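In: return atomic coordinates for the entry below.
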Amino acid sequence: MVDRVKVDLITLDPVSGLATAYEIKRGFGRPDAGKRQKIIDDLIRVRMVLAGAARASGHPQARLGAVRLVRYYGGGTLGL
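Out: This is a model prediction of the structure:
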């Protein structure tokens, strides 16, 4: 069985070839220990395959940039 990891955003800089993945989490406070470890494990897995996956998707100049976690809490306009 293949364990898949979802990533919220991947960017590829066309000049430098840097591939960067972002996991975006919303909410106040810190996640519990189990959730935090799952996030870390997922980011490590993404880091291991990111550049190769970008090259396999037709971007031969791709190389690893970074894997980032973005945590925020915010609302939309009109209180949504």
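
In: grab the nearest non-local neighbour of the residue nearest the centre of the chain.
Out: By C-alpha atoms, centre = their mean, the chain has its centre lying nearest to residue 22, at 2.9 Å. Nearest residue to residue 22 in three dimensions, chain neighbours excluded: residue 9, at 4.2 Å (C-beta to C-beta, 6 or more residues apart in numbering). C-beta coordinates here come from the backbone N, C-alpha and C atoms, glycine included.

In: could you report the neighbour count for the one you found?
Out: Neighbourhood size, residue 9 [other C-beta atoms under 10 Å]: 11.

In: hang on, it packs against residue 24?
Out: Yes: Residue 9 lies in contact with residue 24 (C-beta atoms under 8 Å); the separation is 6.7 Å.

In: show me where this protein has strands.
Out: Along the chain, the stretches classed as strands by DSSP state E are 9-12, 18-26, 63-72.

In: give me the sheet partners of the first one and which way each runs.
Out: Strand pairing for strand 9-12, determined by DSSP bridges: strand 18-26 (antiparallel).

In: in the partner strand, what's buried?
Out: Neighbour-count burial for strand 18-26, counted by 16 or more other C-beta atoms under 10 Å, picks out 18, 19, 20, 21, 22, 23.

In: against residue 28, how distant is the first one?
Out: Meaning residue 18. Look at residue 18 and residue 28: by C-beta to C-beta, to the nearest Å, they are 31 Å apart.

In: below-threshold pLDDT in this protein: ranges please.
Out: For the chain, the stretches with pLDDT under 70 are 1, 74-80.

In: residue boundaries of the helices in it?
Out: All helices of the chain, identified by DSSP state H, fall at 33-56.

In: picking that back up, okay, and the beta partners of the residue nearest to the centre of the chain?
Out: Assigned bridge partners for residue 22, using DSSP bridges, are residue 9, residue 68.

In: list the contacts for it?
Out: 7, 8, 9, 10, 11, 67, 68, 69, 70 (C-beta atoms under 8 Å, 6 or more residues apart in numbering).
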